[in-house]
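Peer 1: Kindly generate the corresponding structure for this input.
(one chain, ligands or ions: 1)
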Amino acid sequence: MANEKKVALITGANKGLGLEMARQLGQAGLTVVVGARDPQKGEAAAEALRKQGIDARFLKLDVTNRHDHAAAARFVEQNFGRLDILINNAGIALDGFNSGAPSTTTDEVIQQTFDTNFFAPVALTRTLLPLLKKSEAARIVNMSSILGSLTLHSDPSSPIYDFKHLSYDTSKAALNLFTIQLAYELKDTKIKVNSAHPGWVKTDMGTNAAPMEIPEGGKTGVFLALLGEDGPTGGFFHLGKRVPW
Ligand SMILES: NC(=O)c1ccc[n+]([C@@H]2O[C@H](COP(=O)([O-])OP(=O)(O)OC[C@H]3O[C@@H](n4cnc5c(N)ncnc54)[C@H](OP(=O)(O)O)[C@@H]3O)[C@@H](O)[C@H]2O)c1
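Peer 2: This next block holds a predicted model:
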């Protein structure tokens, strides 16, 4: 069944930046699908958005569960017939935010981090791509991080030089290369694919030490989700400015 409004699916949307981007997109008049692994938290988030007048639907989606990916495709197909925006937002940071020693990072931590931050968005995007191709001009946003920047990690004068978290940082660097390569694959279509650095934001992941408030943190992803026809693809952005790879 066709949906008049644009439809956006946001993963990890029960709290933090995912919920905020759902709120901002909903306020812009889109239908938002609130992906969350915990049905209670996800339904509560969708209900809170509906109370703000937003057309929000909950979808049970653990991004590490391939059955949930298939169910997500069925849900979108049956309810909307297409997908206009996919925000791969769900993410984890297991290294801790002290300055890391990469040689001490365990295989388990690297594997678990990549399962959520890299393998999951790649697989979910693959599963949803046929529905994104049915949109007039789909947008894919990969929530990355400045901590995935090879350029900044290797520059002693950069603000992140002393912040090394091997598993998180490499997972976001890998996600960035997925952005570049998927944008290349889709360059002759109307689909745009970009990476977002939201800022260091006061969420559970960012902690209260972060300087940026959540509404501001939601802006970069929303901007990339709503890019016009003349907008970029295959880029890495923070508040409208390019971040070095
Ligand atoms: N906050 C920052 O300063 C910052 C900076 C740069 C980049 N980012 C990126 O922005 C994104 C959102 O971060 P945030 O700050 O909003 O973090 P957050 O408050 O910790 O929220 C993370 C979200 O991801 C969900 N999630 C984790 N694993 C999942 C899984 N397997 N399946 C489905 N959902 C899952 C969480 O669900 P549960 O509630 O069930 O755990 C939660 O909804 C992440 O990709 C992060 O790396 C954040």
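Peer 1: for G12, helix, strand, or coil?
Peer 2: Assigned by DSSP: H, G, I helix; E, B strand; the rest coil, the conformation of G12 is coil.
Peer 1: what residues are up against the residue lying closest to V222 once chain neighbours are set aside?
Peer 2: Nearest residue to V222 in three dimensions, chain neighbours excluded: Q24, at 4.6 Å (CB to CB, 6 or more residues apart in numbering). Where C-beta positions appear, they are placed from N, C-alpha and C, glycine not excepted. Contact partners of Q24, counting by CB atoms under 8 Å, 6 or more residues apart in numbering, are P215, G218, K219, V222.
Peer 1: change it to 10 Å
Peer 2: Each residue near Q24 by CB atoms under 10 Å, 6 or more residues apart in numbering is listed here: L30, V32, I54, P215, G218, K219, G221, V222, F223, A225, L226.
Peer 1: TSV for those residues, including distance to the ligand?
Peer 2: Shown next, in TSV, are the contacts of Q24 (distance: CB to the nearest ligand atom, whole Å):
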residue	distance to the ligand
L30	19
V32	14
I54	17
P215	12
G218	9
K219	13
G221	8
V222	13
F223	15
A225	14
L226	18
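Peer 1: near the ligand at all, stretch 178-188?
Peer 2: No - using CB under 6 Å from any ligand atom, stretch 178-188 never reaches the ligand; the gap is at least 13.0 Å.
Peer 1: ok, residues contacting that stretch?
Peer 2: Here stretch 178-188 has contacts from 88, 118, 121-122, 125-126, 129, 132-133, 138, 140-142, 144, 191-196, 232-236, 245, using CB under 10 Å, 6+ apart.
Peer 1: and those residues, which of them are in helices?
Peer 2: P121, V122, T125, R126, L129, L132 (DSSP state H).
Peer 1: So among the contacts of Q24, which ones count as buried?
Peer 2: L30, V32, I54, G218, K219, G221, V222, F223, A225, L226 (16 or more other CB atoms under 10 Å).
Peer 1: The closest residue to the third one other than its chain neighbours: neighbouring residues, count only.
Peer 2: Beyond its immediate neighbours in the sequence, the residue positioned closest to I54 (CB to CB, 6+ apart) is G26, lying 3.1 Å away. By other CB atoms under 10 Å, the residues close to G26 number 22.
Peer 1: How about the residues of this structure by the ligand?
Peer 2: 11-12, 14-18, 37-38, 41, 61-64, 89-92, 116, 143, 145, 197-198, 200-201, 203-206, 210.
Peer 1: Please, a PyMOL command that selects the buried ones among those?
Peer 2: Buried residues within the residues of the chain next to the ligand, by 16+ other CB under 10 Å, are selected in PyMOL with:
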select buried, resi 11+12+14+15+16+17+18+37+41+61+62+63+64+89+90+91+92+116+143+145+197+198+200+201+203+205+206
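Peer 1: Which ones among the residues of the chain next to the ligand lie within helices?
Peer 2: G16, L17, G18, K41.
Peer 1: who's in contact with the first one?
Peer 2: Remark: with contacts taken as CB under 10 Å, 6+ apart, G16 is in contact with 89-91, 198, 201-206, 214, 217-218.
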